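> show me the folded form of this:
(2 chains)
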Amino acid sequence: MRWPPQWKNPSTLALLKGTNIDCLLTGGENELQPVVGAATRSGFRVVRKNALPRGITVINGLWPGIKLSPSHDRDEASSGPTGEPWVNSNGWKVRLTRALNPQSAVWIDSQPENTQPGSYTLCFADAAACGGRWIISLDEQLANGIQNGNQEALAEWQSLGRAANFFATHNSWSDYINEAVVGVVSDFAGKNEFLSHEVLNLLTRTWEQFRIIPRSRFSMEQLSGLRGILYPDSDPPSGALRKQMLNFVEGGGLLITRPEWGGTPGNPIEWNHPRYNGRLVGKGRIAIAKSDDVDPYLLANDTVALVSHKFDLLRFWDAGPVNAYLSATPDRKRALVQMVFYAPEVKGRSRFHSPGTVTVRVVGSYRTARLLTFDQSSQLTPLTQPVSNEVGVEIRAGAMELHLPRLYQYAAVELGI
Amino acid sequence: MLRRMGTAAVAAGACWAGPPLLGSTAPTAPVALASCKTYNRAELLATLNRMFDQLGGLKKLVNGKTVAIKINLTGSPTYRVGYLPLGDTHYTNPHVVAAAIHLIGKAGARRIRVLESPWSSAYPLQETMYQADWNPQEMQSAASGVEFENTNFLGQGKKYYRFVVPYGGYLFPAYELNHSYRDCDVFVSIAKLKEHATAGVTLSMKNCFGMTPASIYGSGAGIDEPNENPKGGRYMLHMGNREPSRIAPPEKYPNSPRQGGYRVPRAVVDLVSARPINLQIVDGIRSIAGGEGPWIRRVTPVAPGVLIAGTNPVATDAVCVAVMGFDPMSDRGTAPFKTSDNMLRLAEDVGLGTRRLDRIEIVGRRLNDVVFDYAAHHHRKTAQLRTKGGLEVPVG
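Below you'll find the model as predicted:
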């Protein structure tokens, strides 16, 4: 947590009681010395911003949520290309940083912006659902409010504490394996940075489950379970990488790439796609973009459609703006659906929500389920009976539908076989 | 020549004379009514088969022909009414579509194309179906020669085709549509039995509003050229806030009312006149009352348990309106046309068909036996509707 400069009195450390917040970040301000001393004596780790310990990668992030128009009207949002509200999220950045630096913890540094009730909790969840940690940063108004005992400010603070506790309790989830249908293979750097990063951001918004595969860490094992690979880089892969990707295609997979990929193995197939030519290679296909001028929004959505929604691992209805992540224990005996909801919490009807319900379809056969939120968690319940009064389940061929109440900020469903 | 002005046009002081009134001589055709309580395949096949026989048989209509079927997938496939499957509320049910395809194929159709212009999409139609949790394979395998096409843009065609409105058009003199609406011998509209917040009802005729490609008539349509990445709804047809892409002819009467209740019914009649519907099938087994989709606040799931089919869209929709407990002769101000002009009247005026029940032969079930009062179901709560091992909807 970035220690608020106005919390100068060591007594403010009491606010951390029972919160699982154990690391304080300071700018080295002299007036905070009494707090720093007391914190150190109480067992807190105190870190100076310019002297971070090893093993931590800090990345700058956005303030998560629906991107509001300049009027800041609650129901007036900027739109993405589909007309759906644009969502700022740091989840893909956390995932990418973890993929590039597997041994490193990832901290997100994002400053509060146009905060609304629940938005601190959302910011924490947005990073934590992907295995990162937000450097808790309070704006001046909230920090003052908490210090002065303002009820609304304290409620926000307590909510944030519950979120921190929740993810500390479930820290093993960070080790779960991402379930995916598409692998994004790139060096994610240099001239490929913009497109590859933006595609990760936009793929997240489609609910397509994807795996981030840095070129330097590519292995055939990482393609396990995938239906397709997206290679968005503008430079051709090395010979070895190319051969491995072609092996994947020959085995029945789909490769989506650009003309710069080079070479045209296999035979052309009649494919009336406005932006891709198709080639048949072994049992699989290659979709090669017709133009090297690639729009990231179209690339993300073309990828989903080329792979096909037929293979969706997660589908949502009436969820509003939600990012969702499906992962599983390495033995695949337990699966986890984490959902981050970006719509602000409002009473009554919002343009971001349909009234009252969320449905999520999860591929797979499971026997038990439980719903977890920051405030309550149901028991792991056999699916032969209702998960809770608020959660219904419908088993379908090869999948299950979970019928959930309206949810805000974050919820997880844990599934067991 | 006898002419009259549209009600809304009068109210708005617009100076526009409509097409000739041909209502008294408008054609009629039998309409088949059947009870059908479930989407069970066997029940659907038996019921539809009987209905088609009652209409004179499918074979003479489709044998050796290319048949295009416009289905109704209104709105985003990620919206539901409560927890209910989309086909049980506001989408045409996929089992009805599959059953119709099977019978059309069995009657000798050479090729069957399933068509729709799904929301904000230029991807294959099957992709929208998957998102809606449908299995397009069920339709694909229901007959041989089944194809799908997204008609929201150019699609598989090389160019758009101009469909001229024979009577000159209420809104536009002609519409530019995807090739699939021309490259067919028989055109079928499979619709849902629903009310519509803007147009009063959405049945076999209103379903054809969705023929218009959003690439030309959508919110994101290009000014000069169509936008082949179509986005958004057809606001320009609803409200007349702009003209379609220049590839299409402009509006005939730019000073006519900019109201959905005036424009949408007229666009529908224009379209149905320009691209006649040869066979109408309306799914009223399960549906919603109060509007056309979950974005309408008062919608409530209902289970009328009825199928309607016919070969004249005005007659078929008139019977549908009566099945829903409304009077097809109602005019603007009376339910279901409280805020819109009655598209049945507009269609009758241009001689597309009659809406007068006393001129329509109803075969199969008697109308009074299947009437389901939609208006009585407008304000029931849907938020907590839940499925428990199967569909659970408030019935009748």
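
> and residue B:364, how close does it get to residue B:97?
20 Å (Cβ to Cβ, to the nearest Å). (C-beta placed from N, C-alpha, C; glycine too.)

> over to residue B:308?
For residue B:308 relative to residue B:97 (Cβ to Cβ), the value is 15 Å.

> one more: residue A:245?
On the measure of Cβ to Cβ, residue A:245 and residue B:97 end up 39 Å apart.

> out of these two, which sits in the busier spot?
residue B:97 (27 against 23; other Cβ atoms under 10 Å in any protein chain shown).

> the helix or strand harbouring the more buried one: which residues count as buried?
Using DSSP states H and E, residue B:97 maps to helix B:94-106. By neighbour count with 16 or more other Cβ atoms under 10 Å in any protein chain shown, helix B:94-106 contains the buried residues B:94, B:95, B:96, B:97, B:98, B:99, B:100, B:101, B:102, B:103, B:104, B:105.

> okay if I get those residues as JSON lines plus distance to residue B:238 and pLDDT?
Formatted as JSON lines, the buried residues of helix B:94-106 follow (distance: Cβ to Cβ, whole Å; pLDDT from 0 to 100):
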{"residue": "B:94", "distance to residue B:238": "28", "pLDDT": "98"}
{"residue": "B:95", "distance to residue B:238": "31", "pLDDT": "98"}
{"residue": "B:96", "distance to residue B:238": "27", "pLDDT": "98"}
{"residue": "B:97", "distance to residue B:238": "26", "pLDDT": "98"}
{"residue": "B:98", "distance to residue B:238": "32", "pLDDT": "98"}
{"residue": "B:99", "distance to residue B:238": "33", "pLDDT": "98"}
{"residue": "B:100", "distance to residue B:238": "29", "pLDDT": "98"}
{"residue": "B:101", "distance to residue B:238": "31", "pLDDT": "98"}
{"residue": "B:102", "distance to residue B:238": "36", "pLDDT": "98"}
{"residue": "B:103", "distance to residue B:238": "35", "pLDDT": "98"}
{"residue": "B:104", "distance to residue B:238": "32", "pLDDT": "98"}
{"residue": "B:105", "distance to residue B:238": "36", "pLDDT": "98"}
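
> quick one: the strands in the stretch 51-200 of chain B?
Listed from the start of the chain, the stretch 51-200 of chain B has strands (DSSP state E, counting those that start in this stretch) covering B:66-70, B:111-116, B:146-150, B:161-164, B:174-177, B:186-192, B:194-196, B:200-202.

> pipe the ones you listed into TSV and attach distance to chain A and mean neighbour count per row.
Listed next are the strands of the stretch 51-200 of chain B as TSV, based on distance: least, Cβ to the nearest Cβ, whole Å; neighbours: other Cβ atoms under 10 Å in any protein chain shown:
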stretch	distance to chain A	mean neighbour count
strand B:66-70	18	25
strand B:111-116	15	25
strand B:146-150	10	21
strand B:161-164	17	16
strand B:174-177	18	22
strand B:186-192	18	26
strand B:194-196	17	28
strand B:200-202	19	28
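
> want to throw those into a markdown table with mean pLDDT?
Output for the strands of the stretch 51-200 of chain B, formatted as a markdown table (pLDDT from 0 to 100):
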| stretch | mean pLDDT |
| --- | --- |
| strand B:66-70 | 98 |
| strand B:111-116 | 98 |
| strand B:146-150 | 98 |
| strand B:161-164 | 98 |
| strand B:174-177 | 98 |
| strand B:186-192 | 98 |
| strand B:194-196 | 98 |
| strand B:200-202 | 98 |
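
> and of these, who's closest to residue B:228?
strand B:146-150 (11.3 Å; Cβ to Cβ).

> other SSEs contacting the closest one?
With contacts defined as 3 or more Cβ pairs under 8 Å, 6 or more residues apart in numbering or on different chains; DSSP states H and E, the packing partners of strand B:146-150 are strand B:111-116, helix B:125-131, helix B:136-140.

> which one of those lies nearest to residue A:415?
Of all the helices and strands packed on strand B:146-150, helix B:125-131 comes closest under Cβ to Cβ, at 21.6 Å.

> and that closest one, average pLDDT?
For helix B:125-131, the mean per-residue pLDDT is 97.

> so is it next to chain A?
Yes: using Cβ under 8 Å from any Cβ of the partner chain, helix B:125-131 reaches chain A at B:126, B:127, B:130, B:131.

> what about the first one, neighbour count?
Per other Cβ under 10 Å, the neighbour tally for residue B:126 reads 21.

> list the contacts of it.
A:308, A:310, B:136, B:148 (Cβ atoms under 8 Å, 6 or more residues apart in numbering or on different chains).

> what does the third one give?
Residues counted as contacts of residue B:130 (Cβ under 8 Å, 6+ apart) are A:308, A:309, A:310, A:312, B:136.

> for the helix or strand where residue A:125 lies, name the packing helices and strands.
Element membership for residue A:125 (DSSP H and E) is helix A:119-128. Judged by 3+ Cβ pairs under 8 Å, 6+ apart, helix A:119-128 is in contact with strand A:65-66, helix A:91-100, strand A:133-134, helix A:151-169, strand A:334-341, strand A:409-416.

> which strands and helices sit next to the helix or strand that the fourth one is followed by?
Next helix or strand after helix A:151-169 toward the C-terminus (DSSP H and E): strand A:177-178. Applying 3+ Cβ pairs under 8 Å, 6+ apart, we find strand A:177-178 packed against strand A:322-328.

> how about the helices in the stretch 151-300 of chain A?
Assigned by DSSP state H, counting those that start in this stretch, the helices in the stretch 151-300 of chain A fall at A:151-169, A:193-206, A:239-250, A:296-307.

> quick one: low-confidence ranges for the stretch 1-150 of chain A?
For the stretch 1-150 of chain A, the stretches flagged by pLDDT under 70 are A:68-84.

> all strands for it, in order.
A:23-26, A:45-48, A:56-60, A:65-66, A:87-88, A:105-109, A:133-134.
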